[in-house]
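**Q** What shape does this take:
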Amino acid sequence: KKLSIVHCALSIVNCKLSIIYCALLIVFCLLFGGKAWGQWSGAGTSSNPYKITNLTDITTLANNVNSGTTYENKYFEITADISGVNTPIGTYANGQYQNFLGNIDGKNHIITLSMNLPSQSYVGLIGRLNGDATVQNITVRGSVKGSSPVAGIVASIGYSTGGNAHIYNCHNEATVEASSSAVGGVVGGGICYTSGKHLIIENCSNSGIITSTYNSDYAGVGGIIGSAGYSTTVKGCTNTGTITGASATAGGRMGGIAGCASGGTAARSMITGCTNRAKVSGSTNVGGIVGYMENATVDKCECPNTDKTIYQTNTGNAYGALGGIVGAASYGSIIRNCYNRSPINASCSNTSTPTGSSYLTYGSIGGVVGVAYNNNSNALDVKSPIIENCYSIGAIAASNAYSVGGVAGRTYYVYINNCYNGGSITGKSASYN
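**A** Alright, predicted model coming up:
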């Protein structure tokens, strides 16, 4: 009987301990429940994303991605403005690309970057993005400096085998500087530098100063994207930030929207419905919208500001071209429904009179396109560039340039339809032997 009483007493004690344990567990869950990797609240789903609330949270995300965690199909939400961000999310380390494959919604918050990494590649808020990732509703400020690629929002999009990465309603206000081949405001530019395949950039803008100090004819520098690759679409985007090479020989492919746009026969790049309202300057292929393009389309784009000059200082490069809309358009290019009102100013270093084929080294300057050519087959065929329904009224001043035109400076096997020029043209007169 005494044993029964003792047993009952112990049972009551155990019951109370269980109640206390449960109560403590409930309190713990309320205070710390839902923490992911010991850091974020939320479950990483579209309905309950991980919450990024401060610098520690976003740095933890960067460190985890840079250590190999991709967060594929996971969702993140930024819940407050964050300053002092100095670690890109995604990188190249130990011989491997470390990609972010998740989805981030900035909820229109401001991220202030402080990235002074001049010798590092893949520098931006997100260094490497891939797969079906989505980045949206983010504004970045501050400064970004790196080697290549470099951008305010996304430095590089990897070569995804399917699906589309999507950058939507993102805005770069940061200064962006690259010392190597790729720079952009949104991707290798203001928004992004380079895209491998399957990328959509929509309703984004750049107002930051974008600068390249890299001396190469192939460096891509753009207000929105440095180099748009296969199946890349840039639509409804605006640039108001100055795009420039830091010297007369820096910045080979410079564009207000894209430094370079290229694609394949069945995977064209497209720049549509975009506006550049800023000065663009460089050394080789310079355009108000795109510096150089092939197998790509530029449609319904404009450079409307009469006080923002599109400028080129050409040091005699054989491929130098300057255009109000596109600098150089190679095979498979389509330029339609575009207009330019910005002044165009070119200064070429060669001052001697050209003879024979040496006139090629003196630059091509045009109100719509500097040079257009079909170098795929050297014939007028399905690969020939098409320029239609375009006009320019910006004044053209071309010092020492010999191929200067109101619509196109120089063309080879090109279709031009329903285009006109209404601006003044000043070039250098000379005989050609």
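**Q** State the pLDDT value of R253.
**A** The model reports R253 with a pLDDT of 85.
**Q** Please give the element, helix or strand, for the closest residue in space to it that isn't next to it in sequence.
**A** Leaving out its chain neighbours, the residue that sits closest to R253 by CB to CB, 6 or more residues apart in numbering is G291, at 3.6 Å. (Glycine included, C-beta is placed from N, CA and C.) Here G291, judged by DSSP states H and E, is contained in strand 290-294.
**Q** other SSEs contacting that strand?
**A** If you count contacts as 3 or more CB pairs under 8 Å, 6 or more residues apart in numbering; DSSP states H and E, strand 290-294 packs onto strand 220-222, strand 253-255, strand 258-262, strand 326-329.
**Q** just to revisit the earlier point, so the residue nearest to R253 touches G220, yeah?
**A** Yes. Using CB atoms under 8 Å, G291 is in contact with G220, at 7.1 Å.
**Q** got any residues that touch both of those two?
**A** Here G291 and G220 have 252-253, 258-260 as joint contacts, going by CB atoms under 8 Å, 6 or more residues apart in numbering.
**Q** Just flag the most distant two among the residues you listed.
**A** Farthest-apart pair in the shared contacts of G291 and G220 is G252 and A258; separation 13.4 Å (CB to CB).
**Q** more neighbours, those two?
**A** Set G252 next to A258 and count neighbours by other CB atoms under 10 Å: A258 wins out with 41 against 29.
**Q** how about that one, what does it touch?
**A** Shown in contact with A258 (CB under 8 Å, 6+ apart): 184, 189, 220, 222, 224-228, 234, 271, 289-291.
**Q** could the residues you listed be laid out in TSV, adding neighbour count and distance to I201?
**A** Formatted as TSV, those follow (neighbours: other CB atoms under 10 Å; distance: CB to CB, whole Å):
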residue	neighbour count	distance to I201
G184	43	10
G189	45	10
G220	36	14
G222	43	11
I224	38	6
I225	42	6
G226	41	12
S227	33	12
A228	36	8
V234	34	5
I271	32	10
I289	33	14
V290	39	14
G291	36	17
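**Q** closest to C170 among those residues?
**A** Using CB to CB, the contacts of A258 come closest to C170 at I224, 9.8 Å.
**Q** Which pLDDT does the model give the closest one?
**A** On the pLDDT scale, I224 is placed at 96.
**Q** quick one: it from Y391, how far?
**A** Per CB to CB, to the nearest Å, I224 is found 23 Å from Y391.
**Q** And F76, by the same measure?
**A** For F76, the distance to Y391 equals 45 Å [CB to CB].
**Q** same question, A372
**A** Distance of A372 to Y391, given as CB to CB: 16 Å.
**Q** These two - which one has more neighbours?
**A** Per other CB under 10 Å, whichever of A372 and Y391 has more neighbours is A372, with 32 against 20.
**Q** Helix or strand: which one has that one?
**A** strand 369-373.
**Q** Same question for I58.
**A** Using DSSP H and E, I58 sits within helix 55-66.
**Q** what is in contact with G252 and A258 at once?
**A** Residues touching both G252 and A258 by CB under 8 Å, 6+ apart: 220, 291.
**Q** Give the residue spans of the stretch 301-433 of the chain that score low on pLDDT.
**A** Applying pLDDT under 70 to the stretch 301-433 of the chain flags the ranges 313-319, 348-362, 400, 428-433.
**Q** Kindly recompute the last result at 80.
**A** In the predicted model, the stretch 301-433 of the chain carries pLDDT under 80 at residues 311-320, 347-363, 377-378, 399-402, 427-433.
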